[in-house]
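Student: Quick one, fold the following:
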Amino acid sequence: MPRIAFLHGNKRDGDAGAVVGIKEGLRQAGFVDGQNVTFDYRWAENDFSRLPALAAELVALRPAVIVVGGGSAAAVAAKSATSTIPIVLAFGSDPVELGLATSLERPGGNITGVIFPGQYAAERVRLLTTMAPQVRTIGYLRTGPAHSNAVTEQQTANVDAAARALGRQLVPFKVDSRAEIDAAMTAIVDRKIGALDIAAHPFFDDDATIAGLAVRTLRAKLPAIFIQEAFPNAGGLMSYGESYAEGFRHAGQYVARILKSEKPAVMPFDQTTKVELIINRATARALGLAIPESLAARATQVIG
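Tutor: You can find the predicted model right below:
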């Protein structure tokens, strides 16, 4: 029975949709966990320093394929652990810029997969200002030096440029721990910053962090946006970004193709194009905001 290894930088409860999506993609190709494939999981629990050791553990199990999610650090760790076992990525970075592939069209090595393009960071700022046009300053909660790389810095620059183009001031807050998140949220309230954009990063993706940010932004009467739909589901105002479940379903289909003897070196990277806008109506009311017709028409779902 082929063994599929799964490496993720997040907590197990932080990206459960990833596992569901992969298994759905596999099932559509005739592969069912426990029947004709089996899974081994390793989760870094947001401690990205553990990723190299976890990747080495999975390689030692000699899986047929390694699936990687949860950011560029996990992808780099998997690539460093093996140059022969096929690796399927599902993440938001450019694998060519990271040195993981020769090109998106013809990767040339043992890595292929699905990219979440990540071009929606600036659009989240525009959506936030459309929902709360009175806001002049926008806090930007992002990771600090321990969890950041060139992708983080580029995303920050894109968000800052979008804010300036809209006549708003972006105020970044760099955090690498739960204590620093707490301190940043306190500073955001004390400085009377008008709204909050939470960066797309695995560090923020676990359920407890998302729920905590949703509660704190609602309590502070702070319009906020995040990439994950779990945020408005937990009481945050809105989310906008690629569908993780859809992206990982495509990744599952890539795994199935490799199990059927296709080679990652000649499998072009796919780019997920399904984007979802989720708005929490009850939270908007609590914040004294009316959902503009333009956003209501674009929304994938309005809840509450």
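Student: Sheet partners, orientation included, of the least confident helix or strand in the chain by mean pLDDT?
Tutor: When the helices and strands of the chain are scored by mean pLDDT, DSSP states H and E, strand 270-271 comes last with a mean of 86. If you go by DSSP bridges, strand 270-271 pairs up with strand 111-115 (parallel).
Student: Could I get the CA-only coordinates of the helix or strand that comes right after the strand it pairs with as PDB?
Tutor: On the C-terminal side of strand 111-115, the closest following helix or strand by DSSP states H and E is helix 121-131. What follows is helix 121-131, C-alpha atoms only, in PDB (Å, rounded to 0.1, in the frame of the first residue of the first chain):
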ATOM      1  CA  ALA A 121      -2.900  41.000  -0.200                       C
ATOM      2  CA  ALA A 122      -3.400  44.400  -1.700                       C
ATOM      3  CA  GLU A 123      -7.100  43.600  -2.500                       C
ATOM      4  CA  ARG A 124      -7.800  42.900   1.200                       C
ATOM      5  CA  VAL A 125      -6.800  46.500   2.000                       C
ATOM      6  CA  ARG A 126      -9.200  47.800  -0.700                       C
ATOM      7  CA  LEU A 127     -12.000  45.600   0.600                       C
ATOM      8  CA  LEU A 128     -11.400  46.800   4.200                       C
ATOM      9  CA  THR A 129     -11.500  50.400   3.200                       C
ATOM     10  CA  THR A 130     -14.700  49.800   1.200                       C
ATOM     11  CA  MET A 131     -16.300  48.300   4.200                       C
END
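Student: name the helices or strands packed onto the host helix or strand of Glu57?
Tutor: Using DSSP H and E, Glu57 falls within helix 51-60. Identification of packing neighbours for helix 51-60 by 3 or more CB pairs under 8 Å, 6 or more residues apart in numbering; DSSP states H and E yields strand 3-8, strand 38-43, strand 65-69, helix 72-81. Every C-beta, even on glycine, is put in place using the N, C-alpha and C of the backbone.
Student: In it, which residues are buried?
Tutor: For helix 51-60, the neighbour count (16 or more other CB atoms under 10 Å) marks 51-52, 54-55, 58-59 as buried.
Student: Show me this protein divided up by domain.
Tutor: 3-117+243-274, 121-242+276-303 (automatic domain parsing).
Student: Got phi/psi on Leu166?
Tutor: phi -90, psi 0 (degrees, to the nearest 10).
Student: That one and Arg124 touch, don't they?
Tutor: No - Leu166 is beyond contact range of Arg124, at 11.8 Å (criterion: CB atoms under 8 Å).
Student: So which of the two has more stuff around it?
Tutor: Using other CB atoms under 10 Å as the criterion, Leu166 and Arg124 rank with Arg124 on top: 23 against 17.
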